[in-house]
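# Requesting a structural model of the entry that follows:
(one chain, ligands or ions: 1)
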Amino acid sequence: MSEETRHPAPRRVLSGMRPTGKLHLGNYMGALKNWVELQNATNEDGAPKYECYFFIADYHALTTDYADTSRLQESTLDVALDFLAAGLDPDKSTLFVQSDVPQHAELHLLLSMITPLSWLERVPTYKDQQEQLKQKDLNTYGFLGYPLLQSADILVYQPDFVPVGQDQVAHVEITREIARRFNQFYSPKRLVSTDPTSLAEETDPTKLILPEPEVLLTPSPKLPGIDGRKMSKSYGNTILMSDHPAIVSEKMSGMSNGGQRNPQSEPGNPDICPVGEMHILFSAPQVRSFTRKGCMDAAIPCSQCKWMAAESINLQMHDVRVNREQLERSPDRVWEVLEDGSKRSSARAEQTMKEVRQAVGLSRRPLADISRLKRAYNASEANHEGHDLSAEAAFWDQEPALRAKNVREYWLSNIVPSEIRLKQDSDRVFVTRKNKRVYVTTSRENLDSRWGFESKTKSYEMLALLCWDKEFRLHDFIVPLIAYQIPWFAYKKTHKNEVMIFWVTRTDSRFLLELPEASPIDITEYRGQYKPMS
Ligand code: TRP
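Reported below is the predicted structural model:
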């Protein structure tokens, strides 16, 4: 087996956007559209190529807008609506709000201890923005720390890639420098000298706590605003993703033509015309060549060319706009999506923070080696959540198939909320009302305080893992596909038709799902969470 198939590295992707209110076409073409493509990218076998985390950076909004926070929530909801309308899918990507995941703030604090002031002062956006936003007092600690907070946002997920536009490259660069500095101070060391009396050591590159992420440069086409300058909220020259077609037409009718064709009988040059740039980005080839020729021959007036550009924009944005109108009717559903996402992202961020606290020397209890957790069961540390199954203790020693059947039946009639009507499809597969397939499997805690399971690597929309512990408590985890799909499909790819063995282990009060050849997945948050079945 090659190194690569043994460690199918999930390529983790993370990016964020400030809650600036309704997003405009520049945000869409320069970031969001690309995020949707990353989310939907698959390998030949259909497995997703990336594990995507996208978030709304509301702490970052405070760095410049701390004096008036009255629109922060509304802006956050607006951005979330645009995310979903554009095609970000909470079943495929983890979508969340930065301030719902306090690990960002915690890592920011720890990184601030090791960050030289001069590094922050020399970030180009620091002086630029202070100049540009003169009406605000940005001589604050928080504003200087903007790029450091961004570094924490990124590093707390240990991602492989950060898709951003050119304007954010400097921020990812400082993130890499900070990761390097952190690793120098705190990542494990190894001896480098062959001379046994020498104690020279260096950071062990195989055990870096904060790996350096790479920029995935978003090809950001230059998108002009209606005055011909770069489209930007601060210039007031935007067309919104959600603008009604009539508004788009009206805005476009007033778009700059670069000061040409004056009078209209003169020919123009589409290559130096903002409207020409819009055609390049939005129009079909026939429309593009028709307007191009019409401009250069002075055969059509600018008004017609602008109207046709508006039509092209409206055509491309139609679905997005309709999706948004629908979503706007149920904002609660959108907040739920974000809440759900923050649970998943918190679990991932906490995994990093455990290592970070330990490395920095803050953690009081040594971190168990979670991939080989073999600590003897210790009743005093037992987690007292879970359902009391002591009345059914007789199941414990039954022959495995019978025990599984009995535990499953107990679970169905006593634990699964009554409004969820699961239909049994086969021995271990149940189907929800929305036709989602659930693999229901049970296990008894073994002498190593682990639960062993087996499954065929089929596509189930969720796993119901029923872990029965030695205190006769049943811990029920409803794990959605998004949490396990990457290692699951990676295993499936390399072990066609084999049965997969996997484990749940318990460390302190966390439960970890250990799929083969993958890092453990913290499933604690999924205990008793039946929402995905409803
Ligand atoms: N600074 C980014 C912007 O203005 C937003 C952002 C905050 C971000 N944290 C991030 C982007 C982390 C990528 C990764 O667009």
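
# so what pLDDT did Glu4 get?
Listed pLDDT for Glu4 reads 42.

# helix/strand/coil for Glu131?
helix (DSSP: H, G, I helix; E, B strand; the rest coil).

# ok, now Cys52?
On the three-state scheme (three-state DSSP), Cys52 is labelled strand.

# nearest residue to it other than its sequence neighbours?
What sits nearest to Cys52 in space, not counting adjacent residues and going by CB to CB, 6 or more residues apart in numbering, is Ser93, at 4.0 Å. Yep, even glycine has a C-beta here, placed from its N, CA and C like the rest.

# right, and the one you found touches Phe54 too?
Yes - with contact defined as CB atoms under 8 Å, Ser93 reaches Phe54; the gap is 5.7 Å.

# joint contacts of the two?
Trp35 (CB atoms under 8 Å, 6 or more residues apart in numbering).

# Distance of the residue nearest to Cys52 relative to Arg12?
Relative to Arg12, Ser93 is positioned 11 Å away (CB to CB, to the nearest Å).

# which neighbours do those two share?
Counting by CB under 8 Å, 6+ apart, the residues touching both Ser93 and Arg12 are Tyr53.

# So for the two, which sits in the more crowded spot?
Under the neighbour definition other CB atoms under 10 Å, Ser93 and Arg12 were set side by side, and Ser93 has more, 25 against 18.

# residue contacts, the more buried one?
Contact criterion CB under 8 Å, 6+ apart gives Trp35, Gln39, Cys52, Tyr53, Phe54 as the residues in contact with Ser93.

# how about a cut-off of 10 Å?
13, 35-36, 38-40, 48, 50-54, 83, 87, 341, 344, 482 (CB atoms under 10 Å, 6 or more residues apart in numbering).

# got the residues of the protein near the ligand?
Taking CB under 6 Å from any ligand atom as the criterion, the neighbours of the ligand within the chain are 15-18, 57, 60, 150, 153-154, 162, 164, 168, 171.

# Would you mind extracting the C-alpha trace of stretch 169-180 into PDB?
What follows is the C-alpha trace of stretch 169-180 in PDB, where atoms were taken according to Å, rounded to 0.1, in the frame of the first residue of the first chain:
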ATOM      1  CA  VAL A 169      -2.400  36.900   0.800                       C
ATOM      2  CA  ALA A 170      -0.400  39.000   3.300                       C
ATOM      3  CA  HIS A 171      -2.700  37.800   6.100                       C
ATOM      4  CA  VAL A 172      -2.100  34.200   5.200                       C
ATOM      5  CA  GLU A 173       1.600  34.900   5.000                       C
ATOM      6  CA  ILE A 174       1.700  36.200   8.500                       C
ATOM      7  CA  THR A 175      -0.300  33.200   9.600                       C
ATOM      8  CA  ARG A 176       2.400  31.000   8.300                       C
ATOM      9  CA  GLU A 177       5.100  33.000  10.100                       C
ATOM     10  CA  ILE A 178       3.200  32.800  13.300                       C
ATOM     11  CA  ALA A 179       2.600  29.100  13.000                       C
ATOM     12  CA  ARG A 180       6.400  28.700  12.500                       C
END
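
# ok, now how distant is the residue of the chain most remote from its centre from the ligand?
With CA atoms, centre = their mean as the measure, the chain has its most outlying C-alpha, relative to the mean C-alpha position, at Ser265: 52.2 Å. Using CB to the nearest ligand atom, to the nearest Å, one gets 44 Å for the distance from Ser265 to the ligand.

# Then Ala47?
Noted for Ala47: a distance of 25 Å to the ligand, by CB to the nearest ligand atom.

# In this structure that residue contacts Lys492, no?
Yes - using CB atoms under 10 Å as the test, Ala47 is close enough to Lys492 to be in contact (7.7 Å).
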